[in-house]
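A.B. asks: Coordinates for the following, if possible.
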Amino acid sequence: MKQKPVIPALQPFLEGKMLLLHKPLHWTSFDVVKKVRIITGISKVGHAGTLDPLATGLLIVCTGAFTKKINDFMGMDKVYTGSITLGATTPSYDLETTPQPMASPDGISRQKLVETAQLFTGSILQMPPQHSAIKKDGKPLYLSARKGIEVEVAARPVVIHAFEITEVALPIVYFKVHCSTGTYIRSLAHDFGAALGVGGYLSSLCRTAIGPYELKDASTIEAFEQSIHAIKSAIKE
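C.D. replies: Prediction:
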């Protein structure tokens, strides 16, 4: 894609900027990239680490020459908060597909939840969800999963530095996870429910940090658009 001329005030975006943006619910990560392209007029834009449409939170977006730094950001640890609903499972491990009741979580103590979470800390092998963009023989797994076909994939090594139970309101359990890149929180939720013997799925997720970068410092898409509009308006005056 050939870069069209940009106004001088937006030249820094072409030279390269790293943006901290708050991805809204139901947006894909690429929706955010497309929006930044439209707002800035910069064609060379990419993101450092996909968030599922049903997740919100911190998305690092790079423009211009800074797109070369994307892999550096992608390799950083992540921090997430969210909720796991116990007593049911879903094929996608989240609310993209319909929950199927398993067993009542009533009577599970907070202590049991905390102890079970500890089983998943440290270096572990994790099975990616069948409903994921991981490719097997050149095809994303989710294409087969949507047809009801399960594809055999190998477990992947990840590191869970911390898996903290922050609140319990059964059947919902709230958590905070600090993990390595490549970790599927959906798989963690599914495996957590399986270890408890009642099933579980990820019912909400927010990425709050990527390495040293935090969600509290991120801009909403609306605020970012307003800031660029203000720059353009100042030039016209």
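A.B. asks: residue ranges for the helices of this structure, please.
C.D. replies: In the chain, the helices defined using DSSP state H lie at 11-15, 29-40, 70-74, 110-118, 141-145, 185-196, 221-236.
A.B. asks: The longest strand along the chain vs helix 185-196, what angle?
C.D. replies: Ranked by number of residues, the top strand in the chain under DSSP state E is strand 156-169. Here the directions of strand 156-169 and helix 185-196 differ by 70 degrees (axes from the mean of the first three to the mean of the last three Cα atoms, to 10 degrees).
A.B. asks: From the contact counts, what lies against strand 156-169?
C.D. replies: Strand 156-169 sits against helix 110-118, strand 122-126, strand 172-179, with contacts defined as 3 or more Cβ pairs under 8 Å, 6 or more residues apart in numbering; DSSP states H and E. Where C-beta positions appear, they are placed from N, C-alpha and C, glycine not excepted.
A.B. asks: Please state the offset of the shortest one from the chain centre?
C.D. replies: Centroid displacement of strand 122-126 relative to its chain, using Cα atoms, centre = their mean, to the nearest Å, is 19 Å.
A.B. asks: Lowest-scoring secondary structure element of the chain by mean pLDDT?
C.D. replies: Every helix and strand in the chain was compared by mean pLDDT, DSSP states H and E; the lowest is helix 141-145, with a mean of 48.
A.B. asks: Nearest to the middle of this protein, which residue? Look it up for me.
C.D. replies: residue 51 (3.0 Å; Cα atoms, centre = their mean).
A.B. asks: how's this structure carved up into domains?
C.D. replies: Annotated domains of the chain cover 8-75+212-236, 78-210 [automatic domain parsing].
A.B. asks: how close does residue 105 get to residue 162?
C.D. replies: Separation of residue 105 from residue 162 (Cβ to Cβ, to the nearest Å): 23 Å.
A.B. asks: Which one's more surrounded, these two?
C.D. replies: Taking neighbours as other Cβ atoms under 10 Å, residue 105 and residue 162 compare with residue 105 leading, 23 against 13.
A.B. asks: quick one, phi/psi of that one?
C.D. replies: Backbone torsions for residue 105, taken as degrees, to the nearest 10, come to phi -90, psi 0.
A.B. asks: Spatially nearest residue to it, not counting backbone neighbours?
C.D. replies: Nearest non-adjacent residue to residue 105, counting by Cβ to Cβ, 6 or more residues apart in numbering: residue 86, 3.8 Å away.
A.B. asks: Quick check, the one you found in contact with residue 197.
C.D. replies: No. The pair residue 86 / residue 197 is not scored as a contact, 9.9 Å apart, by Cβ atoms under 8 Å.
A.B. asks: which of those two has more neighbours?
C.D. replies: Using other Cβ under 10 Å as the criterion, residue 86 and residue 197 rank with residue 86 on top: 27 against 12.
A.B. asks: Now do the same contact list for that one.
C.D. replies: Contact partners of residue 86, counting by Cβ atoms under 8 Å, 6 or more residues apart in numbering, are 105, 108, 170, 171, 172, 173, 193, 196, 198, 199, 200.
A.B. asks: The same query, at a cut-off of 10 Å, please.
C.D. replies: Counting by Cβ atoms under 10 Å, 6 or more residues apart in numbering, residue 86 makes contact with 102-106, 108, 113, 168, 170-173, 189, 192-193, 196-201, 203.
A.B. asks: re earlier: nearest to residue 3, of the helices and strands packed on strand 156-169?
C.D. replies: strand 172-179 (36.2 Å; Cβ to Cβ).
A.B. asks: This completes my enquiry, with thanks.
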